Structures are given as C-alpha cells and as structure tokens.
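Novice: The following comprises the amino acid sequence and a computationally predicted model.
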Amino acid sequence: MGANTMPEVGVIQNTDADNYFDRSAETMPREALEALQFARLRTTLRNAHDNVALHRKRMEESGVVPEEVRTLDDLRRLPFTYKSDLRDSYPFGMFARPLNAVARIHASSGTTGKATVVGYTREDIQNWADLMARSLHSAGARAGDVIHNAYGYGLFTGGLGAHYGAERLGATVVPMSGGSTERQIALIMDLGANILCATPSYALAMAEVAEQQGVDLRKSQLRVGVFGAEPWSNAMRCEIEERLAVKAIDIYGLSEIMGPGVACECPAQAGLHGWEDHFLFEVLDPETQAPVPEGDAGELVITTLTKQALPMLRYRTRDITRVTTAPCDCGRTHLRILRITGRSDDMLIIRGVNVYPSQIESVLVGRAMISPHYQLVVERRGTLDHVTIEVEAQCGVDAEAFPAIARDVARHVKSMVGISTDVVVKLPGEIPRSQGKAVRVRDLRPKE
Ligand code: DLL
C-alpha cells in the first residue's frame with residue numbers, strides 16, 4: 001500500500017461483527033501489514049511533530065522530517081521516548097490534542113515519583129475497545145459470554161479497558177473490580193461467568209479462598225481466564241489451569257501505549273500476538289540499543305500507529321522479551337511476543353547472575369508441600385546482593401518438615417536458576433495475597 005492510499009487513523013474494518021474476529025486485519029500477509037504500518041507511521045509522525053513540542057524538538061535535533069521517512073527502518077533514526085518524558089511533562093505536556101478533545105484520562109500511580117497521566121480521544125477509546133474485543137476473542141471469549149472482570153476499575157487501565165472490550169465483543173460484563181474475594185467467588189458461581197479477567201496472582205488468591213470456603217471453582221462455568229498486568233511463569237499457568245479448570249491466556253499492555261490489549265495470546269498459547277496494525281514493535285539490546293536478532297531476548301520498544309491524543313515514538317517499555325514472526329497455528333500473521341520475562345528494573349544481579357523473579361517462580365510453583373505464594377527479600381550483605389526466598393507451607397504440613405522443605409527449594413533454585421539463596425518457610429496465609437499486581441520483591445537494599 002503506497003502513501004497515497006494512507007488509511008485514516010482510527011478506522012478498523014470488522015468483517016465478522018458477531019464473533020469479532022477481524023480476519024482481514026489479523027491474517028493480513030506480512031508485506032501488506034508492513035505497508036499499512038508504514039502509512040500509519042507517517043501519519044503518527046506528522047501528528048507528533050505538529051502537536052507535541054517534545055517530539056518536534058527531538059525530530060528536529062535528529063534531522064527527521066515526517067515526509068522524508070521512506071521505510072520502516074528509518075524509524076531507527078528517531079530518538080527514544082521514556083517514562084521520565086511523561087513525568088517531566090506532567091500532566092498533559094505530551095498530549096497531541098487539547099483537553100477538550102480528550103475523552104478520558106488514565107494514570108499509573110508509579111512506585112517512584114509522580115504519576116504518569118495518559119489521555120484518549122473518542123476514537124482512541126473506540127480503537128482500544130476494538131483491540132480489547134479482538135484480544136478477548138483471540139483468547140476464546142465470544143458474544144453472549146458472561147465476563148467477570150476483576151481488574152481494578154479507576155485510573156488503572158485494566159478494569160475499564162477490559163470492560164469496554166467485553167461490551168464491544170457483545171458479552172455480558174460483570175464489572176466487579178478487585179477485592180471482596182468471597183463476593184467475587186459467589187458471583188462467579190451464581191451468575192455463571194464463562195470468562196475471568198484478573199491478574200494471575202489474584203486468580204490464584206481467588207482459587208485459594210474458594211477452596212477454603214468449600215466452593216469448587218472447577219465446577220463453575222468458567223472456561224477461559226484472561227490474565228495479565230504482571231509477569232507470570234508457565235508453572236503459574238499450569239497451577240491456575242488446574243485449580244480453576246480454565247484455559248489461562250496471557251494478555252499484555254501498558255498505559256503509556258494504550259492499556260490492556262496491546263498483545264494477547266490465542267488458544268495455541270504460543271506467545272502473545274502483538275497487534276501490528278496499531279503498534280510497531282522493536283526488540284533492542286537495552287545497553288547498546290542495537291536491534292537483537294529475531295528470537296533473542298531484549299527490551300520491547302513500541303511505537304503507536306493510530307493513537308491520536310498520545311502518540312508514542314519508540315517508547316522504552318523496560319519489558320524484557322523475545323519475539324517471533326514465524327507463522328502461528330491459528331493463522332494470525334501478527335508477530336508473537338514470547339512472554340514478558342520481567343522488567344529490566346526488576347532484574348536482580350546476584351553474584352554476577354542476572355535473575356528475574358519469574359525465573360524463581362518457575363521453580364517454586366507446583367513444588368510439593370509449598371503453596372504458590374512467595375516473596376523475594378533482597379538485601380545488601382557487604383558488597384554483594386543476597387536473596388531470601390519466602391515461601392509458604394501448604395495447609396497440614398508439619399512444621400518439623402520446614403527445614404527439609406527449605407533445603408529442597410534452595411537446592412532446586414541453585415541448580416535451575418544458578419544462584420544461592422536462603423529460604424524461609426512460612427505458615428499458611430503468612431505471605432500477603434494480591435488483589436491486583438502482586439508484590440514479588442521486597443527490596444531492603446540501601447537507596448543509591
Ligand atoms: O498493567 C495494563 C494491563 C491491564 C495489561 C490488564 C494486561 C491486563 P500498567 O499498569 O501501565 O498497565 O503496567 C504495564 O505491566 O510494562 C509490564 O511490565 C507489566 N505487564 C503487563 N502485562 C503483562 C504480562 C497494565 N502479560 C506493565 N506479562 C508492563 C508480564 C506484564 N508483564
């Protein structure tokens with residue numbers, strides 16, 4: 001597709017409104033997909049240049065003129081955008097539209113410093129709902145399903161993002177939000193929910209409370225879980241599938257780019273399809289910033305292609321992953337993100353070994369006599385970092401067995417992850433349960 005057939009920003013054609021499978025977009029040959037990306041990139045660059053002072057200044061500094069961008073590869077001449085840019089221009093400095101054209105605001109609380117504020121035009125919200133409906137459909141949800149939405153409603157993008165997508169799909173939404181776990185379980189059973197949307201850690205917390213109440217969620221109508229917003233291991237997926245009797249599907253997104261629905265797995269569970277008609281994905285070496293060969297691990301960098309209110313150019317997500325453009329069994333042509341291992345900010349360096357909490361999680365979850373709840377405590381001992389793994393004994397396990405369990409866990413972590421750790425076995429219920437994003441690491445190291 002040439003620049004003269006540039007599609008209008010915000011237009012998506014749904015070929016099968018009933019089922020929300022957008023065949024023409026989702027199975028587009030890669031060449032056509034790249035042509036579409038290129039056309040949309042030019043529109044996005046023009047929007048960013050004309051309406052956001054920061055982007056204009058950076059383009060000028062790097063000698064990029066939107067109309068002179070000739071190929072997708074020219075993107076590499078553009079500078080990166082960082083979360084700190086959003087903070088520095090708090091609250092609306094990176095908006096490409098005046099506030100009266102912005103239909104909704106979301107914000108992330110930000111563990112460090114000021115919140116980052118993001119905005120959407122009406123068309124942005126439409127596109128988001130479409131992409132979220134596409135994601136839910138890809139996960140296995142259908143019109144007519146009852147979708148129990150336990151993602152938090154409010155400034156977090158999870159609740160409203162999933163809600164609008166579920167409505168767009170033609171499902172019945174139960175807008176539960178997080179918390180009130182006993183009530184969640186009663187409603188899942190009573191209203192016959194088919195689809196559960198939650199963070200994976202909260203899904204597991206629900207399974208546990210249900211078991212304590214004597215409710216068998218395996219006998220509910222739940223068929224699919226759409227889980228995301230935090231890193232989770234394959235071991236965690238197996239645990240959830242077993243305890244909830246659902247197909248557990250991974251969904252990814254981030255507020256700076258849109259919210260949930262940037263990428264989602266299909267029933268093949270072989271990576272998350274990144275919706276390339278709306279986003280351009282790069283994987284770079286976070287140190288050298290050079291592209292890594294396809295299939296190698298690196299930092300995901302995303303450029304939005306259809307966002308009006310907040311166009312993002314080469315946004316450094318800090319999320320570490322690998323991608324593949326190899327064909328998927330489902331027929332979709334959009335690349336697959338092979339799980340987000342973790343954020344580069346969360347990487348621990350233990351005696352020279354780089355470790356993500358999710359790697360330790362893979363060893364812990366499913367192990368005999370411990371439950372799948374854990375926290376990692378990181379301290380500085382002398383000049384070295386040290387990790388203590390706090391795990392929890394399953395109900396009914398004798399305290400006399402705790403030292404042997406601790407030795408067993410430490411031995412497996414050493415052999416599978418390659419680091420020496422202390423392991424503390426806690427009593428059932430002692431590790432805090434999540435109602436949203438789980439806190440996996442307690443960092444007690446002195447602030448630099
Ligand atoms: O967590 C959006 C979301 C809501 C995604 C519901 C999926 C489901 P933020 O609060 O801005 O937005 O956090 C974004 O969460 O950069 C990743 O580090 C992490 N993250 C999100 N999804 C996944 C996932 C939402 N499937 C940050 N696997 C991202 C691993 C994830 N990490």
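Specialist: Perfect, I can see it now. Numbers count the residues shown, from 1 in each chain.

Novice: ok, what's across the strand from the spatially most central residue of the chain?
Specialist: The centroid of the chain falls nearest to Y252 when counting by Cα atoms, centre = their mean (2.8 Å). Taking DSSP bridges as the rule, Y252 bridges to A263.

Novice: Double-check that Q289 belongs to a strand.
Specialist: No: assigned with DSSP: H, G, I helix; E, B strand; the rest coil, Q289 falls outside any strand and is coil.

Novice: For the host helix or strand of L204, list every residue counted as buried.
Specialist: If you go by DSSP states H and E, L204 is part of helix 200-213. Using 16 or more other Cβ atoms under 10 Å as the burial criterion, the residues of helix 200-213 that qualify are P200, S201, Y202, A203, L204, A205, M206, A207, E208, V209, A210. Where you see a C-beta, it was placed from the backbone N, CA and C, and this is true even at glycine.

Novice: before we move on, what about stretch 53-68?
Specialist: Quick answer for stretch 53-68 (16+ other Cβ under 10 Å): L54, H55, R58, M59, V64, P66.

Novice: Look at it and report the distance between its end residues.
Specialist: 19 Å (Cα to Cα, to the nearest Å).

Novice: For it, give the mean pLDDT please.
Specialist: Stretch 53-68 comes out with an average pLDDT of 95.

Novice: Including distance to A270 and pLDDT, could the buried residues of helix 200-213 go into CSV?
Specialist: Shown next, in CSV, are the buried residues of helix 200-213 (distance: Cβ to Cβ, whole Å; pLDDT from 0 to 100):
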residue, distance to A270, pLDDT
P200, 18, 97
S201, 23, 97
Y202, 25, 97
A203, 21, 98
L204, 23, 96
A205, 27, 96
M206, 26, 98
A207, 25, 97
E208, 29, 96
V209, 31, 97
A210, 29, 98
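
Novice: Please list which of these are also close to the ligand.
Specialist: Near the ligand, taking Cβ under 6 Å from any ligand atom as the test, no member of those is found.

Novice: so the nearest residue to H412 once chain neighbours are set aside is in which element?
Specialist: Using Cβ to Cβ, 6 or more residues apart in numbering and skipping the chain neighbours, the partner closest in space to H412 is V363 (5.2 Å). Per DSSP H and E: V363 is located in helix 357-364.

Novice: near the ligand, which residues of this protein show up?
Specialist: So the chain meets the ligand at 108, 151, 156-158, 228-231, 250-255, 259-260, 317, 319, 340, 343 (Cβ under 6 Å from any ligand atom).

Novice: Let's see that with 8 Å instead.
Specialist: 108, 151, 156-158, 161-162, 197, 199, 226-232, 250-256, 259-263, 272, 317-319, 339-340, 342-343, 437 (Cβ under 8 Å from any ligand atom).

Novice: picking up where we left off before, in its sheet, what does the helix or strand that the helix holding L204 is followed by sit against?
Specialist: Sequence order places strand 224-228 as the next helix or strand after helix 200-213, per DSSP H and E. Each strand that pairs with strand 224-228, with its direction, by DSSP bridges: strand 195-198 (parallel), strand 247-254 (parallel).

Novice: got a list of contacts for strand 224-228?
Specialist: 135-136, 139-141, 162, 194-200, 203, 240, 244, 246-253, 260, 264 (Cβ atoms under 8 Å, 6 or more residues apart in numbering).

Novice: Check the burial of the residue in the stretch 101-250 of the chain positioned nearest to the ligand by counting its neighbours.
Specialist: Using Cβ to the nearest ligand atom, the closest approach of the stretch 101-250 of the chain to the ligand is made by G228 at 3.1 Å. Applying other Cβ atoms under 10 Å, we find 27 residues neighbouring G228.

Novice: Report the beta-bridge partners for it.
Specialist: With DSSP bridges as the rule, G228 is bridged to I251.

Novice: Now do the same for it: its pLDDT.
Specialist: Confidence score, pLDDT, at G228: 98.

Novice: Mind telling me what element L33 is part of?
Specialist: For L33, the host element (DSSP H and E) is helix 30-51.

Novice: who's in contact with that helix?
Specialist: 1-3, 5-7, 9, 28, 55-56, 59, 64, 66-67, 69, 71-72, 75, 95-97, 276-278, 280, 303-308, 311, 313, 325, 333-334.

Novice: And the helices in the stretch 1-150 of the chain, which stretches?
Specialist: Taking DSSP state H, counting those that start in this stretch, the helices of the stretch 1-150 of the chain run over residues 23-26, 30-51, 53-61, 83-88, 122-139.

Novice: now G228: how far from Y164?
Specialist: 16 Å (Cβ to Cβ, to the nearest Å).

Novice: give me phi/psi at the residue lying closest to G161 once chain neighbours are set aside?
Specialist: Of all residues not flanking G161 in the chain, G259 sits nearest, at 3.9 Å (Cβ to Cβ, 6+ apart). Backbone dihedrals for G259, given as degrees, to the nearest 10, come out at phi 140, psi -160.

Novice: Okay, and the beta partners of G259?
Specialist: Where G259 sits in a bridge, its partners, by DSSP bridges, are L254.
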